[in-house]
Structure formats: structure tokens, C-alpha cells
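Participant: here is the input, now give the coordinates:
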Amino acid sequence: MKRTEKTFDCVEMMHQGALRIHEETKNMTREQELAYWRQKDEEARKKYPRMREAAPANSATE
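Facilitator: Sure, this is the predicted structure:
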């Protein structure tokens, strides 16, 4: 089977994102880190408002 060259590596992207967040939060107190995540949550809700409209993936349908 012939392999194709990757143009995008999802695992590498996830590792880079985790490292970036670690670097941003590594010297924060617990309270500062909670404030960081609250801010990121608010930014995401503003950027992607329709995500809250969808039903949760594990919700039961009747």
C-alpha cells in the first residue's frame, strides 16, 4: 500500500495548542487560571453563538 505525504497533522496541531495553553497558564494561580478559562469561554460563545443552539450529543430523543 502506498503512503501519501501528510499535509496536515491533527495530533501535532493538538500538541502545539496544548503547549501554547500550558505556556500561557503555567505561572498563574488557580484563580487566575479560572479567570483565563472563563474569558476563553466567553470569547468562544461570542465567536460561535450557534453552538449553544444544538442539542447535546448525548441527549435522548423522544
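Participant: can you pull out the low-pLDDT segments for the protein?
Facilitator: Along the chain, the model assigns pLDDT under 70 to residues 54-62.
Participant: give me the residue at the spatial middle of it.
Facilitator: Taking CA atoms, centre = their mean, the centroid of the chain lies closest to residue 17, which sits 8.2 Å from it.
Participant: what about the helices in this structure?
Facilitator: 10-25, 30-47 (DSSP state H).
Participant: so can I have a markdown table of the ones you listed showing distance to residue 4?
Facilitator: For glycine as for every other residue, the C-beta is placed from the backbone atoms N, C-alpha and C. Conversion of the helices of the chain to a markdown table gives the following (distance: least, CB to CB, whole Å):
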| stretch | distance to residue 4 |
| --- | --- |
| helix 10-25 | 15 |
| helix 30-47 | 33 |
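Participant: quick one, which of these is nearest to residue 53?
Facilitator: helix 30-47 (11.6 Å; CB to CB).
Participant: helices and strands around the closest one, which ones?
Facilitator: For helix 30-47, the packing partners by 3 or more CB pairs under 8 Å, 6 or more residues apart in numbering; DSSP states H and E come out as helix 10-25.
Participant: what packs against the helix it packs on?
Facilitator: Helix 10-25 packs on helix 30-47, going by 3+ CB pairs under 8 Å, 6+ apart.
Participant: quick one: the helix it packs on to helix 10-25, angle?
Facilitator: 130 degrees (axes from the mean of the first three to the mean of the last three CA atoms, to 10 degrees).
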